[in-house]
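> Just to be clear, the model below is a prediction. Sequence and coordinates:
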Amino acid sequence: MNIGTGKSRRRWKESVALRNIALLYGEIAFIGILNGTIGTYLGIFAIRLGASNTLIGLMSSLPALITVLLMYPASQLVNIWKDKIEINKWTFLFTRILYLPLAFVPYLPYPPLFILLIVTLLAIPATSANIAFNVMFIDLIPSYLRAAILSNRNMLLMFIQTFTSTLVGYLLDRTKFPVNFQIVMFIGFIASMASLYLMTFLKPIRKVPREERVSIDWRRIIFSIWTQFRDIIGIFREDQSFKRFQFATFVFYLGLYIPMPLFGIRMVRELNFSNFVIGLTSTSSGLAMALSYLFWNRVGRRVGVRNALFWSNIGIAVYPFIFIMLKGPSEIISLSALGGFFSAGFSIFMYMALLIFLPPEKRAEYLAINGIISNISLTVGPVIGTQLSNIVGISPVFFIGTAVRIIGTYLYLKTIPKE
């Protein structure tokens, strides 16, 4: 028994991949705390500080616009930078250091405007960080383990996020405003730094030869901000099936984002929900999502990616329609759980559907284009939604969101090949 234990310990110490797995689990645990604090309550913080509907919409739209402009140059930078772990650490550092000022915005004139400024600025390094992490992950974990590690990370993330958001919502209602939200923002910052600290110990399973390192042409990368759209049009001309898939993505995501900022606005200003109840909506959604991954994996194997994506998208499509019909906390908390259930399927099969259209030699570029298209929807969707709400009221916007999601689902069915 002792010999076996000793062998296991030696194997653990000697295996770079096993250490990376442990570090990635620890890192995502702290991201769960970050999402359960800043990720869940930043918008509510801005609303309670007096942010207008338009400003709440801009908190989603402006960072998305930054991502649209920088996604393609960021993919080129990540491709050129040979040490993916190094660029991952630097970009995440510059992203997460900007969470700290969120704890101090109540001391500034018109705090919601400073929140908007901060979330817009952190989108600049975050664009490269998100691409770098996805590419870095390939260098950290052997291919036969990646699917299991990703699934386990997602479940761990959801469980910790839901627990954190529930606890934080309870504490927010028992502490004086705005100190309560300031504490929550600071906890989120500390969690983000702890996650980054664990990342510093990650190592590639294969060493990067020093002679492969190349200099970076920053002028060319910056110039590609303006040339990327020409390159995208060229790819669309060459690959019509990918173009049709991206058009469906734009429409469906537009339906996702048009009503997005109005959920929190309605719960705070129309339904007068407490922070704890708002936290419970996030908790029920995240918990249902975490528990649903295994179910949707079985569904995908049985009915295929195309059909599984259809059913998950239909569930997401009718969510705004049902949401606007409900008023009680228990009803909306239950609906949030149903939304989390269908969101789990969407997150799996949207990614699996995208993989169908990726040529091996241009994966980074195609992934960047997909990110650009979805972020164009995120740029215009919340602005459309908030401006429409100022004209016709909140309720019709939720119906519009449902209609656009259904159209996007139909376009996916027309685009994704049958297995």
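Cool, the structure landed.
> quick one: stretch 166-183 to chain centroid distance?
Remark: stretch 166-183 is offset 24 Å from the chain centroid, using CA atoms, centre = their mean, to the nearest Å.
> tell me the mean pLDDT for it?
Average pLDDT, stretch 166-183: 92.
> now swap in stretch 105-123 and tell me
93.
> Stretch 29-39 now?
94.
> quick one: contacts of that stretch?
If you take CB atoms under 8 Å, 6 or more residues apart in numbering as the criterion, stretch 29-39 is touched by 99, 102, 156-165, 167-168, 184-185, 187-189, 191-192, 194-195, 198, 282. Backbone N, C-alpha and C define where each C-beta goes, glycine included.
> Any idea how many residues pack against K414?
10 (other CB atoms under 10 Å).
> for the helix or strand where it lies, packing partners?
In this assignment (DSSP states H and E), K414 forms part of helix 394-415. In terms of contacts (3 or more CB pairs under 8 Å, 6 or more residues apart in numbering; DSSP states H and E), helix 394-415 is packed against helix 240-257, helix 260-265, helix 305-317, helix 319-325, helix 363-392.
> Find the nearest non-adjacent residue to the spatially most central residue of the chain, please.
Most central in the chain under CA atoms, centre = their mean is N130, positioned 9.3 Å from the mean C-alpha point. Counting by CB to CB, 6 or more residues apart in numbering, N130 lies nearest to G371, which is 7.9 Å off, once chain neighbours are set aside.
> One more: L378?
Nearest to L378 is A64, by CB to CB, 6+ apart, at 3.6 Å.
> The one you found against I373, yeah?
No: judged on CB atoms under 8 Å, A64 makes no contact with I373 at a distance of 11.1 Å.
> In terms of packing, which of the two has more residues around it?
Applying other CB under 10 Å to A64 and I373 shows that A64 carries more neighbours, namely 25 against 20.
> helix, strand or coil for that one?
The local conformation at A64, judged by DSSP: H, G, I helix; E, B strand; the rest coil, is helix.
> What helices and strands are in contact with the helix or strand that contains S128?
Taking DSSP H and E as the definition, S128 sits inside helix 111-140. With contacts taken as 3+ CB pairs under 8 Å, 6+ apart, helix 111-140 sits against helix 16-34, helix 40-48, helix 53-80, helix 84-96, helix 363-392.
> Just give me how far it sits from the chain centre.
For helix 111-140, the distance to the chain centre is 10 Å (CA atoms, centre = their mean).
> Which SSE is immediately downstream of that helix?
helix 143-172.
> so that following helix versus helix 16-34, what angle?
With axes from the mean of the first three to the mean of the last three CA atoms, to 10 degrees defining the directions, helix 143-172 sits at 20 degrees from helix 16-34.
> Name all residues that make contact with V251.
By CB under 8 Å, 6+ apart, the neighbours of V251 are 404, 407-408, 411.
> give me the low-pLDDT residue ranges for the stretch 1-150 of the chain?
Across the stretch 1-150 of the chain, the ranges flagged by pLDDT under 70 are 1-14, 147.
> If we ignore the residues flanking it in sequence, what's nearest F263?
Per CB to CB, 6+ apart, closest to F263 is F323, 6.9 Å.
> That neighbour: how many residues sit nearby?
21.
> Repeat that for R298.
10.
> check which helix or strand covers it.
helix 275-303.
> list the buried ones in that helix?
Using 16 or more other CB atoms under 10 Å as the test for burial, helix 275-303 gives 275-293, 296-297, 299-300.
> cool, and stretch 99-119?
99-103, 105-106, 111-116, 118-119.
> which one is R206 nearest to, not counting chain neighbours?
D139 (7.1 Å).
> now swap in A129 and tell me
A129's closest residue in space is T91 (CB to CB, 6+ apart), at 3.7 Å.
> Give me the neighbour count for the one you found.
T91, neighbours per other CB under 10 Å, totals 24.
> again, but for the one 4 residues further on
The burial count assigned to T95 is 21, neighbours taken as other CB under 10 Å.
> can you offset everything so residue one is 20?
In the new count, where the first residue is 20, that last one comes out as T114.
> And it, how close does it get to M212?
11 Å (CB to CB, to the nearest Å).
> Next: T56.
13 Å.
> More neighbours: which of the two?
T56 (28 against 17).
> In which helix or strand does the spatially closest residue to that one that is not a sequence neighbour reside?
Nearest residue to T56, sequence neighbours excluded (CB to CB, 6+ apart): G207, at 3.7 Å. Secondary structure assignment for G207, by DSSP H and E: helix 198-218.
> List of residues touching that helix?
42, 45-47, 49-50, 52-53, 56-58, 60-61, 64, 67, 104, 107-108, 111-112, 115, 118-119, 121-123, 125, 187, 190-191, 193-194, 294.
> repeat for stretch 402-416
Under CB under 8 Å, 6+ apart, the answer for stretch 402-416 is 72-73, 75-77, 80, 273, 276-281, 284-285, 289, 343, 419-420.
> Pull out the buried residues from these.
Neighbour-count burial (16+ other CB under 10 Å) is assigned, among the contacts of stretch 402-416, to 72, 75-77, 80, 273, 276-281, 284-285, 343, 419-420.
> ok, back up a step: out of the buried residues of stretch 118-138, which comes closest to K381?
V138 (31.1 Å; CB to CB).
> wait, doesn't the closest one sit right on L61?
Yes: assessed by CB under 8 Å, V138 is found in contact with L61 at 7.4 Å.
> Between these two, which contacts overlap?
M78.
> Isn't P125 up against L68?
Yes: P125 is within contact range of L68, at 7.0 Å (criterion: CB under 8 Å).
> what do these two both touch?
P197.
> shaky segments in the stretch 320-438 of the chain?
380, 383, 438.
> give me that answer again for 80
379-384, 438 (pLDDT under 80).
> ok, the residue nearest to A148 to S355 distance?
T110 is 32 Å from S355, by CB to CB.
> Can you lay out the contacts of V270 as a markdown table showing neighbour count?
A markdown table is the format used below for the contacts of V270 (neighbours: other CB atoms under 10 Å):
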| residue | neighbour count |
| --- | --- |
| V423 | 24 |
| I426 | 15 |
| G427 | 24 |
| L430 | 18 |
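> Reformat those residues as a markdown table; add distance to A336.
Listed next are the contacts of V270 as a markdown table, based on distance: CB to CB, whole Å:
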| residue | distance to A336 |
| --- | --- |
| V423 | 9 |
| I426 | 9 |
| G427 | 8 |
| L430 | 12 |
